[in-house]
Each structure stands twice: as C-alpha cells, then as structure tokens.
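Colleague: Following is a predicted model, sequence given first.
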Amino acid sequence: MSERRQNPRVKGPFEGYWDGTGVQRGRVGDLSVSGCFIESVMLPAEGQVVMVSIAIGAGRIDMPGEVVYVEKNLGFAVRFTEAPAAIIDTLRREIASRLAD
C-alpha cells in the first residue's frame, strides 16, 4: 500500500474511548492531526461517525470523526472531522513534542 498520509504520525499508546452507539474503550495506536488508529475489540462500520476521546498530556481531547477502514481483530482508522482549532493546536503540540524525543 502506498503512503497517503500528509501529516506526521506518532505511535501511542494513548488511552481513550470511542462512541458510535455506546461508549467503548480503545487504545490509540497512532495519532496525527488528521486522524488515528484505534485498537478495539468492538468495531464500528466503515463510514460510521464516531466521537473519539484521547488522553494526551495532562488532559483529554474529544474529536468527531469518520471511520475510514476496519481491520478485523485489530481495530479501525478514523479521519477527524469538524475539529475545533484549539484541539488541532493541542494535537500539533503533542505530536511535535513526541517527534522531538
């Protein structure tokens, strides 16, 4: 598969939750300002809209997103949508600090 990502990604894990039709625990395996991959036993459908909650730094961010693909027995990828600028800035700072390490 060719690399289509336009934003740098950092490896997790980040603890988090996702909500599509009920809150489910999931670990974020990688993260960028445009999306993430969530390791989860429960899987949503491709195209489903979910709310992703991720623990970063000393707090938590909540981002709406759309499921772009599902990997059975592994998890799913989410592309963030309608992300507030303040949350994008928080993500950029977290990713930059991890890339600098």
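Modeller: On my side now, so go ahead.

Colleague: mind checking how far Ala85 is from Val33?
Modeller: 11 Å (Cβ to Cβ, to the nearest Å). All C-beta atoms are positioned from the backbone trio N, CA, C, and that covers glycine.

Colleague: Between those two, tell me which one has more neighbours.
Modeller: When neighbours are counted by other Cβ atoms under 10 Å, Ala85 and Val33 differ, and Val33 comes out ahead with 20 against 7.

Colleague: Wait, Ile38 touches Glu71, no?
Modeller: No. Counting by Cβ atoms under 8 Å, Ile38 does not reach Glu71; the two are 10.4 Å apart.

Colleague: Next up, phi/psi of Arg92, please.
Modeller: Dihedral pair for Arg92: phi -60, psi -40, per degrees, to the nearest 10.

Colleague: dump the residue contacts of the residue nearest to it when sequence neighbours are not counted.
Modeller: Closest residue to Arg92 apart from its sequence neighbours, by Cβ to Cβ, 6 or more residues apart in numbering: Val33 at 5.8 Å. By Cβ atoms under 8 Å, 6 or more residues apart in numbering, the contact list for Val33 reads 7, 80, 83, 88, 91-92, 95.

Colleague: do that again at 7 Å, thanks
Modeller: Applying Cβ atoms under 7 Å, 6 or more residues apart in numbering to Val33 gives the contacts 7, 88, 91-92, 95.

Colleague: sorry, back to before: which one's more surrounded, Ile38 and Glu71?
Modeller: Between Ile38 and Glu71, counting by other Cβ under 10 Å, Ile38 is the more crowded of the two (30 against 11).
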